[in-house]
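Engineer: Here's my sequence, what's the structure:
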Amino acid sequence: MRSAEDGTYSEKGWVSSAYAVSKIGVTKASFIFGEMLKDDPRRIVVNSCCPGFVDTDMTDHKGVKTTDEGADTPFYLATLPIDSKEPNNQFVYERKVVKWSK
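Structural biologist: Numbering: from 1, shown residues only. The predicted model follows:
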């Protein structure tokens, strides 16, 4: 917040896109919730994912993936079997866990 207020966000490595910053916040929140729920007896699984660069209005139809291709990983995560232990509290791209700086 301070970097945005004083105009130093760019030199501190922040992007200027509000959308990109919001995705950072949502991803970080998923890690926080995943950590909070890791010992919950209901076995709640929390993950975050990136659908990739999808051909939509938001990308001015410049994306390389179809909407079905972009939906694949979110659908995969949403339909994991109830007894799945992995992935959990991870960032997933193309059905694979990838490192995301927590």
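Engineer: Against residue 65, how distant is residue 6?
Structural biologist: For residue 6, the distance to residue 65 equals 38 Å [Cβ to Cβ, to the nearest Å]. Quick note: C-beta positions are derived from backbone N, CA and C, even for glycine.
Engineer: oh sorry, the question was meant for residue 56
Structural biologist: From residue 56 to residue 65 the distance is 9 Å (Cβ to Cβ).
Engineer: just the strands in the chain please.
Structural biologist: Shown for the chain, the strands assigned by DSSP state E span residues 48-50, 91-93, 96-98.
Engineer: Using TSV, please lay out those together with mean pLDDT and distance to residue 41.
Structural biologist: Below are the strands of the chain laid out as TSV (pLDDT from 0 to 100; distance: least, Cβ to Cβ, whole Å):
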stretch	mean pLDDT	distance to residue 41
strand 48-50	97	23
strand 91-93	98	24
strand 96-98	98	24
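Engineer: nearest to residue 85, of those?
Structural biologist: Proximity to residue 85 (Cβ to Cβ) singles out strand 96-98 among the strands of the chain, at 12.5 Å.
Engineer: Quick check: buried residues in the closest one?
Structural biologist: Neighbour counts over strand 96-98 (16 or more other Cβ atoms under 10 Å) mark no residue as buried.
Engineer: repeat for stretch 60-74
Structural biologist: 63, 65, 70, 72-73.
Engineer: quick check, nearest of these to residue 19?
Structural biologist: residue 63 (13.9 Å).
Engineer: Pull up the gap between the closest one and residue 28, please.
Structural biologist: Taking Cβ to Cβ, one finds residue 63 at 24 Å from residue 28.
Engineer: what do you get for residue 50?
Structural biologist: Residue 50 is 14 Å from residue 28, by Cβ to Cβ.
Engineer: Kindly report the same for residue 74.
Structural biologist: To residue 28, residue 74 is 18 Å away according to Cβ to Cβ.
Engineer: cool, residue 51 as well?
Structural biologist: 18 Å.
Engineer: for residue 81, same thing?
Structural biologist: For residue 81 relative to residue 28 (Cβ to Cβ), the value is 27 Å.
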